[in-house]
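Colleague: Could you work out the structure for the sequence below:
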Amino acid sequence: MKTTVTDLNIRRAGERGHADHGWLNTYHTFSFADYYDPAHMGFRSLRVINDDRVAPGQGFGTHPHRDMEIFSYVLEGTLEHEDSMGNRRQLKPGQIQLISAGTGITHSEFNPSGSKPLHFLQIWLQPRERGLTPSYTEWHPKPEHAKAAKVLVISPDGREGSATIHQDAYIYLVRLQRGQTVTHDLKAGRGAWLHIAEGALALNGVALTTGDGASTEEPGTLTLTATAPTEAILFDLK
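Modeller: Okay, the predicted model is just below:
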């Protein structure tokens, strides 16, 4: 018999770290850069959720990373990516890029539009081991995903056409219309984090809205019911 999760920890959007650099307006769910909060250093292997809005013609210049799994989800505009592995790509809303920085890479992320803003989520997870060979992959939605409420977009083994991550992490894109419901069963020994990218929903009866996060380590069923058109990312983590 399935049990409903009741032990939810809520991270409200307004409690996040915030920085406005002019060209970049960003909110940090966890400690990042000049924002330090010892109570919010990450959740299991999840280390960073940055909600970034980049002004037209601006972006992050070339900079290094290592030993981190980094993915970006585009919500609005165009994300132009270039890296030391020779990749140069432009991503549109609904698309994901995943970088395994491994032994070290450099990359840049840019808004190539002269007039339109860029809004994307930048998310980091710690890999299960250090010193991996760097790699780059993407996930693009397929026609059958158009009306799917929950789609696996990142996994350890690339199942169901997902991008592959070097961590025991299953990451789902949740897209719901008002009144639509989807569930997720969390197994014992695992943790779930839900980030509301846009919209509003009830998670086991708890109201969440844009920018909010919620986590649990209690096994059982999570029920998500949209109260407005919603996009969210659900992490199922070892």
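Colleague: which SSE is the closest residue in space to His145 that isn't next to it in sequence in?
Modeller: Counting by CB to CB, 6 or more residues apart in numbering, His145 lies nearest to Val151, which is 5.1 Å off, once chain neighbours are set aside. For every residue, glycine as well, the C-beta is placed using N, CA and C. In the assignment (DSSP states H and E), Val151 maps to strand 150-155.
Colleague: surely Thr137 meets Gln95?
Modeller: No: between Thr137 and Gln95 no contact is recorded; they are 11.6 Å apart, counting by CB atoms under 8 Å.
Colleague: Show me how the record splits this structure into domains.
Modeller: Annotated domains of the chain cover 17-139, 143-237 [automatic domain parsing].
Colleague: how far does the shortest one stretch from start to finish?
Modeller: Between the opening and closing residues of domain 143-237 we find a distance of 28 Å, counting by CA to CA, to the nearest Å.
Colleague: Let me see the mean pLDDT of it.
Modeller: For domain 143-237, the mean per-residue pLDDT is 97.
Colleague: From the contact counts, what lies against the lengthiest strand in the chain?
Modeller: Assignment by DSSP state E gives strand 220-237 as the longest strand of the chain. On a contact count with 3 or more CB pairs under 8 Å, 6 or more residues apart in numbering; DSSP states H and E, strand 220-237 meets strand 169-176, strand 181-186, strand 191-203.
Colleague: for the domains of the chain, which one sits closest to Lys2?
Modeller: Lys2 lies closest to domain 143-237 among those, at 4.9 Å (CB to CB).
Colleague: Would you pull up how far that closest one lies from the middle of the chain?
Modeller: Chain-centre distance of domain 143-237: 10 Å, with CA atoms, centre = their mean, to the nearest Å.
Colleague: ok, back up a step: tell me the first helix or strand C-terminal of the strand holding Val151.
Modeller: Using DSSP H and E, the next helix or strand after strand 150-155 towards the C-terminus is strand 163-164.
Colleague: What pairs with that next one, parallel or antiparallel?
Modeller: Paired with strand 163-164 in the same sheet, following DSSP bridges, are strand 150-155 (parallel).
Colleague: Now do the strand it pairs with against strand 220-237, angle only.
Modeller: 30 degrees (axes from the mean of the first three to the mean of the last three CA atoms, to 10 degrees).
Colleague: Not counting strand 150-155 itself, show me its contacts.
Modeller: 71, 96, 98, 139, 141, 145, 159-160, 162-165, 169-175, 182, 184, 234 (CB atoms under 8 Å, 6 or more residues apart in numbering).
Colleague: Ile49 and His195 touch, don't they?
Modeller: Yes: applying CB under 8 Å, one finds Ile49 in contact with His195, separated by 5.6 Å.
Colleague: Which neighbours do these two have in common?
Modeller: With CB under 8 Å, 6+ apart, Ile49 and His195 have common neighbours Thr29, Leu121, Gly213.
Colleague: My read is that the first one contacts Arg16, right?
Modeller: Yes: with contacts counted by CB under 8 Å, Thr29 reaches Arg16, the gap being 5.5 Å.
Colleague: residues shared between the contacts of the two?
Modeller: Asp51.
Colleague: So which of these two has more stuff around it?
Modeller: Thr29 (27 against 22; other CB atoms under 10 Å).
Colleague: list the contacts for that one?
Modeller: Arg11, Arg16, His40, Val48, Ile49, Asn50, Asp51, His195, Gly213.
Colleague: what angle do the longest strand of the chain and strand 169-176 make?
Modeller: If you take the same axes, to 10 degrees, strand 220-237 sits at 120 degrees to strand 169-176.
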